[in-house]
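# I need the structure of the sequence given here:
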Amino acid sequence: MDRLFDPYFTTKGPDKGTGLGLFMSKNIIEKNMGGRLTVRNIGAGAEFGIEV
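Numbers count the residues shown, from 1 in each chain. Below is the predicted model of the structure:
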């Protein structure tokens with residue numbers, strides 16, 4: 001979870017993604033909207049929250 005929003009971090013194989021999606025989302029929400037992107041584990045998955 002510590003690296004989840006890092007650029008180029010991916011849990012997929014090298015041919016299935018760049019690892020930029022969550023990094024870009026966090027930057028857009030925080031820098032352009034003045035908000036906050038959060039994540040937490042729930043059950044067998046994850047929950048993302050956007051606070052503005």
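
# Need the outlier residue of this structure, farthest from its centre.
Asp15 (19.2 Å; CA atoms, centre = their mean).

# Can you show me the strands along the chain?
Assigned by DSSP state E, the chain shows strands spanning 36-42, 45-51.

# Quickly compare the ones you listed and say which is most buried.
Stretch with highest mean neighbour count among these: strand 36-42 (a mean of 12; mean count of other CB atoms under 10 Å). All C-beta atoms are positioned from the backbone trio N, CA, C, and that covers glycine.

# Can you list the helices and strands that that strand packs against?
When contacts are defined as 3 or more CB pairs under 8 Å, 6 or more residues apart in numbering; DSSP states H and E, strand 36-42 sits against helix 21-27, strand 45-51.

# And the pLDDT for the most centrally placed residue in the chain?
A centroid search over the chain (CA atoms, centre = their mean) returns Leu22, at 3.0 Å, as the residue closest to the centre. Note on Leu22: pLDDT of 95.

# before we move on, what about the one 5 residues further on?
On the pLDDT scale, Asn27 is placed at 97.

# residues near it, how many?
Number of residues near Asn27 (other CB atoms under 10 Å) recorded here: 14.

# still on that earlier bit, can I get the strands of the chain in CSV with distance to Lys26?
Shown next, in CSV, are these (distance: least, CB to CB, whole Å):
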stretch, distance to Lys26
strand 36-42, 5
strand 45-51, 10
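
# What score does Thr18 have for pLDDT?
Thr18 is given a pLDDT of 89.

# count of residues packed around it?
13.

# again with Gly17
Applying other CB under 10 Å, we find 12 residues neighbouring Gly17.

# quick one on the thing from earlier: so who does the residue farthest from the centre of the chain touch?
If you count contacts by CB atoms under 8 Å, 6 or more residues apart in numbering, Asp15 has none.

# do you know how far it is from Leu37?
Counting by CB to CB, to the nearest Å, the gap from Asp15 to Leu37 is 27 Å.

# Please apply the same query to Ile28.
9 Å.

# One more: Glu47?
12 Å.

# Next: Ser25.
Ser25 is 6 Å from Leu37, by CB to CB.

# do Ile29 as well
Noted for Ile29: a distance of 5 Å to Leu37, by CB to CB.
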